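> build me a model:
(one chain, ligands or ions: 1)
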Amino acid sequence: MRWPHVFAQDGDVALSRGSWLRSAAEPYASLAEAELADRLVSRAHPVPSAAPSQALPSHAVQAGAALLEVDQVSIDYVTEERVLRATHQVSLQVHAAERFVLLGASGCGKSTLLKAMAGFVPVSEGEIRLGGSPVQGPGPDRVMVFQEFDQLPPWKTVRENVMFPLLASRRTSKAEARERADLYLDKVGLSRFADVHPHQLSGGMKQRVAIARALAMHPQVLLMDEPFAALDALTRRRMQEELLALWDELRFTLVFVTHSIEEALVVGSRVAILSPHPGRLRAEINAHAFGLASGGSAEFEAAHQRIHRLLFDEDRAGGPLVESTSSSNQPPQALRRVA
Ligand SMILES: Nc1ncnc2c1ncn2[C@@H]1O[C@H](COP(=O)(O)OP(=O)(O)OP(=O)(O)O)[C@@H](O)[C@H]1O
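From the prediction side, this is the model:
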């Protein structure tokens, strides 16, 4: 999806505004800074103050219950000419501290579903619930990282970018926001760049800032929309490594969109496979057994081929194929069809 392109409303940090505009390759809509804040974080909701691992809502989610539930969700885009169904009756359950991947071909509705989880897009039928409560709009409990490098307001320094949604939500003091910004910039290896502006960073560094900004919010769910797709292969690989290392340390709940089978198997602990447009749940498989070192192994190749068949084979009779959600360290084996 496109991140809304934004300009400062006032003289705030007009620094790179003009040069950024001149270098822009396409027309940009103007969004006030307050509106940008609303995109990043709804100010109506409190921000949890614990670290992400501690912030997992053990009080809100009963043992064994899913943290995020997508229940028979269809999403339509209504234009003057037609109604376009992006996803059709998708049901998913994401548990706390899972690395859940949405995998599917271009146009199958992955981003749309993620945006609906974030509360940016309304569902046409069904319901999305977080901790048992219906998702009715954006909130700081769900923070998104986008693919585009221009998701960072260019007139803010790196540190200011990380602090921004914390301050906009008015739930932390400036001192605490700064403390958190410095902590998470350190976790993504960017402490030395806290005072520079985004245009001075590489694409991978900008994505690290976006990840630091998201984690600093201590969200219940981190939503990532093909965050590494625009990076070169080596940087993408390094970013996958860094994301997994961060997850090892913080155990946040991740929903990650990709159209790369390899990336899905490496990043995900569970992978939901969506059929081509309109996206229906085709299958769910466990990917606990795979990691960064798995590429090239016979098991990895077999899983890759099996997912490829599930993505593109025409046999779509009956309901989706689902593996047990156990965290057993086994490669995907038996799939059962659910209604
Ligand atoms: N704002 C919109 N208005 C109308 N149609 C839209 C809108 N956004 C997406 N669509 C359509 O909805 C369908 C699903 O789009 P979506 O971006 O969710 O797919 P995707 O699987 O994320 O694709 P990609 O991997 O290429 O990003 C596509 O047919 C797309 O053209």
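> okay, CA-based contacts and neighbour counts for the rest of this
Fine.
> show me where pLDDT drops low in the protein?
1-64, 314-339 (pLDDT under 70).
> where along it do the strands fall?
68-78, 83-94, 99-103, 125-130, 133-134, 142-145, 221-225, 254-258, 270-274, 281-286, 321-322, 336-337 (DSSP state E).
> looking at those strands, which is nearest to residue 181?
strand 142-145 (15.3 Å; C-alpha to C-alpha).
> any idea how far the closest one is from the chain center?
6 Å (C-alpha atoms, centre = their mean, to the nearest Å).
> which bits of the stretch 51-200 of the chain sit near the ligand?
With the criterion set to C-alpha under 6 Å from any ligand atom, the stretch 51-200 of the chain comes near the ligand through 77, 86, 105, 106, 107, 108, 109, 110, 111, 112.
> just the residues you listed now: which is nearest residue 190?
Checking these one by one against residue 190 (C-alpha to C-alpha), the nearest turns out to be residue 111, at 28.0 Å.
> so residue 260 makes contact with residue 106?
No - taking C-alpha atoms under 8 Å as the definition, residue 260 is not a contact partner of residue 106, at 10.2 Å.
> quick one on the thing from earlier: can you name the two of the residues of the stretch 51-200 of the chain next to the ligand that are farthest apart?
So, those by C-alpha to C-alpha: farthest apart are 77 and 105, at 18.5 Å.
> ok, those two, which is more surrounded?
residue 105 (19 against 15; other C-alpha atoms under 10 Å).
> separation between that one and residue 276?
Separation of residue 105 from residue 276 (C-alpha to C-alpha, to the nearest Å): 6 Å.
> what's the overlap in contacts for these two?
residue 311 (C-alpha atoms under 8 Å, 6 or more residues apart in numbering).
> thinking again about what came up before, tell me which of the strands of the chain lies nearest to residue 244.
Nearest to residue 244, of those and by C-alpha to C-alpha, is strand 99-103 at 9.3 Å.
> report all helices and strands that that closest one contacts.
strand 254-258, helix 261-267, strand 270-274 (3 or more C-alpha pairs under 8 Å, 6 or more residues apart in numbering; DSSP states H and E).
> most tightly packed of these?
strand 270-274 (a mean of 27; mean count of other C-alpha atoms under 10 Å).
> relative to that strand, what are the paired strands and their orientations?
strand 99-103 (parallel), strand 281-286 (antiparallel) (DSSP bridges).
> can you give the contact residues for that strand?
For strand 270-274, using C-alpha under 8 Å, 6+ apart, the contacting residues are 98-105, 108, 110, 264-265, 280-288, 307, 310-311, 325.
> that one close to the ligand?
No - using C-alpha under 6 Å from any ligand atom, strand 270-274 stays clear of the ligand, coming no nearer than 8.6 Å.
> tell me what angle that strand forms with strand 83-94.
Between the axis of strand 270-274 and that of strand 83-94 there is an angle of 160 degrees, by axes from the mean of the first three to the mean of the last three C-alpha atoms, to 10 degrees.
> what about strand 270-274, distance to the chain center?
14 Å.
> now swap in stretch 305-315 and tell me
Worked out by C-alpha atoms, centre = their mean, stretch 305-315 lies 24 Å from the chain centre.
> about what we covered before: just name the most buried of the strands paired with strand 270-274.
For these, the highest mean count by mean count of other C-alpha under 10 Å goes to strand 99-103, at a mean of 27.
> residues contacting residue 212?
Per C-alpha under 8 Å, 6+ apart, neighbours of residue 212: 162, 181, 184, 185, 187, 188.
> and which of the residues you listed is nearest residue 151?
For the contacts of residue 212, the nearest to residue 151 is residue 162 (11.7 Å; C-alpha to C-alpha).
> what's the single longest helix in this protein?
helix 233-250 (DSSP state H).
> okay, it in CSV with CA atoms only?
Taking Å, rounded to 0.1, in the frame of the first residue of the first chain, the C-alpha atoms of helix 233-250 are listed here in CSV:
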residue,chain,number,x,y,z
ALA,A,233,18.7,-8.9,-1.8
LEU,A,234,21.6,-8.6,0.6
THR,A,235,20.0,-5.9,2.6
ARG,A,236,16.7,-7.7,2.6
ARG,A,237,18.4,-10.8,4.0
ARG,A,238,20.1,-8.7,6.7
MET,A,239,16.8,-7.1,7.6
GLN,A,240,15.2,-10.5,8.0
GLU,A,241,18.0,-11.5,10.3
GLU,A,242,17.6,-8.4,12.4
LEU,A,243,13.9,-8.7,12.6
LEU,A,244,14.2,-12.3,13.8
ALA,A,245,16.8,-11.2,16.4
LEU,A,246,14.5,-8.5,17.6
TRP,A,247,11.7,-11.0,17.9
ASP,A,248,13.9,-13.4,19.8
GLU,A,249,14.6,-10.6,22.3
LEU,A,250,11.2,-9.0,22.5
